[in-house]
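Q: can you look at this prediction? I've put the sequence above it.
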Amino acid sequence: MTQQDTSAQEDFRPKNLIGSILLFIGIFTTATVIGILLITGLIFNFAYRWYIGRLWCLIIGWFTRVCCGLSFEVEGLENIDPKQPVIFFSNHQSAWETLALRVFLPPHSVVIKKELLYFPIWGWSLLTLKSIVINRKNQRASLKSLLEQGTRYLNEGLSVLIFPEGTRSAPGTVNKFNIGGAMLAQKTGYPVIPLVHNAGDFWPRYSFYKYPGVIKVKIGTMIETKNRKAQDINAEAEAWIRRNLQNITASSPD
Amino acid sequence: MPQPYILLDRDGVINEDSDHFIKSPDEWLPIAGSLEAIALLNQHGFKVVVITNQSGIARGLLDNNTLQAIHTKMQRMAIEKGGHIDVIYICPHGPDSGCPCRKPKPGLLEQFAQEKQIDLKDTVFIGDSYRDIQAAYAAGATPILVKTGKGVTTLAHHPDLNIGIFDNLYDAARHLSTRRF
């Protein structure tokens, strides 16, 4: 496995620094405006707030392309039926996917860590988007909120997005999956759709630098979950994500 | 803006080619994944049009009814995979007829463009032969080569082709249905 070596990482040229600074400024100035729009948007419905949130993610996508030369492409959109609520399982490498998935996935609730709510305005605004807030230090309580709120949203027709690794992984790698998302699938019988991306190759965790390139996203086919055990569902989704991460990372343009 | 149509050659792209011509429905065998590729393109909003030379008719190897039966089989098998072919444009003439429709001439592509009121610029034509590529260029369309059928030979004779090249129709369809942001 040489995937970490093939990515465009650790290229500290000034253009990458300047682009990353501009993106940083772009994110934080617009985040405050969008945060206020979302919080005041509580007087309107969820569809309105989803639209505002997605609009912000489109704007950040534009900044990322213009400032950092980083774009993305999505394969497998035919596997999504917007009328069918599902539980999306995504790998987690970067802050990128917490924004970009809103651009092309149908409206969904995201499972987030409670620490995100400590950011003023922007963090609070996540509460307006039907996020499922979990406390990673209290797994039992987290699982309970995930199952309760997840079931409610799915039954309302809203999909749920979860990062089963729980935290961001290094480029080219996938951490062990937590069982919560699969338990939600076992309990509710809603299907799982796995998806995988290589955002960490260009926008790595803990890195201020973002690098030019094309992030690849691949969406898998629906995994049926009725009458199946959580471990079984988790294993299938995890295996699909691991296998396909190798494919997209290996074929990345250098 | 991508056009809503994707144009395909038939022999060597959708079905296995034969030096002895495809003369009956039984001889028409799909290339693995090609019908799924048509379905995938349809799911992404593309209509699929076939543009094919069938000089076997001029040569007396098969008649129009048999060709119709072959295409009925093709359409039926595509529908089984969830796909659909919108129209099939056929040149029945021989190589020496001087007709304007036999590829590498662009006649059939131009007829299609006129009938559907389509600008061929940015319309993709996927083929396995050099004459498919020539016809695409002559009509102002964008050629794509697949390595099925005569594709590998075409590539060997024309190694400097500066066009999209894919292993098979399914790979080409996956590329065309990838959304870029």
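A: Arrived safely, thanks for sending.

Q: just the helices in the stretch 51-200 of chain A please.
A: A:96-104, A:122-125, A:139-156, A:180-188 (DSSP state H, counting those that start in this stretch).

Q: dump those helices into TSV; add distance to B:F21, mean pLDDT and mean neighbour count as well.
A: Glycine gets a C-beta too; all of them are placed from N, C-alpha and C. Formatted as TSV, the helices of the stretch 51-200 of chain A follow (distance: least, C-beta to C-beta, whole Å; pLDDT from 0 to 100; neighbours: other C-beta atoms under 10 Å in any protein chain shown):
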stretch	distance to B:F21	mean pLDDT	mean neighbour count
helix A:96-104	45	94	21
helix A:122-125	66	90	20
helix A:139-156	55	94	16
helix A:180-188	52	96	23
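
Q: for A:I43, find the nearest of these.
A: Nearest to A:I43, of all these, is helix A:122-125, at 14.0 Å by C-beta to C-beta.

Q: on that earlier part again, Throw the helices of the stretch 51-200 of chain A into JSON lines and include distance to A:P194, thanks.
A: Listed next are those as JSON lines, based on distance: least, C-beta to C-beta, whole Å:
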{"stretch": "helix A:96-104", "distance to A:P194": "13"}
{"stretch": "helix A:122-125", "distance to A:P194": "28"}
{"stretch": "helix A:139-156", "distance to A:P194": "17"}
{"stretch": "helix A:180-188", "distance to A:P194": "10"}
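
Q: of the ones you listed, which approaches B:E115 most closely?
A: helix A:96-104 (34.1 Å).

Q: that closest one near chain B at all?
A: Yes: using C-beta under 8 Å from any C-beta of the partner chain, we find that helix A:96-104 touches chain B at A:100, A:103-104.

Q: list the contacts for residue 31?
A: All of this refers to chain A. A:A31 is in contact with A:56, A:121-122, counting by C-beta atoms under 8 Å, 6 or more residues apart in numbering or on different chains.

Q: meant chain B, my bad for not saying
A: Applying C-beta under 8 Å, 6+ apart to B:I31 gives the contacts B:13-16, B:148-149, B:168-169.

Q: between these, which has the most around it?
A: B:L169 (31 neighbours; other C-beta atoms under 10 Å in any protein chain shown).

Q: pLDDT score for B:Q111?
A: B:Q111 is assigned 95 on the pLDDT scale.

Q: same question, the one 10 residues further on
A: Turning to B:K121, the model gives it a pLDDT of 89.

Q: could you do the one 3 residues further on as well?
A: pLDDT recorded at B:V124 is 95.

Q: now the one 4 residues further on
A: B:D128 carries a pLDDT value of 97.

Q: run a quick neighbour tally on A:I134.
A: 22.

Q: distance of the closest residue to it other than its chain neighbours relative to A:I179?
A: Once flanking residues are discounted, A:I134 sits nearest to A:S142: 3.7 Å by C-beta to C-beta, 6 or more residues apart in numbering or on different chains. For A:S142, the distance to A:I179 equals 11 Å [C-beta to C-beta, to the nearest Å].

Q: need the strands for the chain, in chain order.
A: Picking chain A for this. Taking DSSP state E as the test, the strands found in chain A are A:70-75, A:87-90, A:108-113, A:132-134, A:159-162, A:192-197, A:213-219.

Q: chain B, not that one
A: B:5-8, B:47-53, B:85-91, B:124-127, B:142-146, B:164-166, B:179-180.

Q: returning to that earlier point: need the residues of helix A:96-104 next to chain B in a markdown table (columns: distance to B:L62).
A: Formatted as a markdown table, the residues of helix A:96-104 next to chain B follow (distance: C-beta to C-beta, whole Å):
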| residue | distance to B:L62 |
| --- | --- |
| A:A100 | 52 |
| A:V103 | 51 |
| A:F104 | 46 |
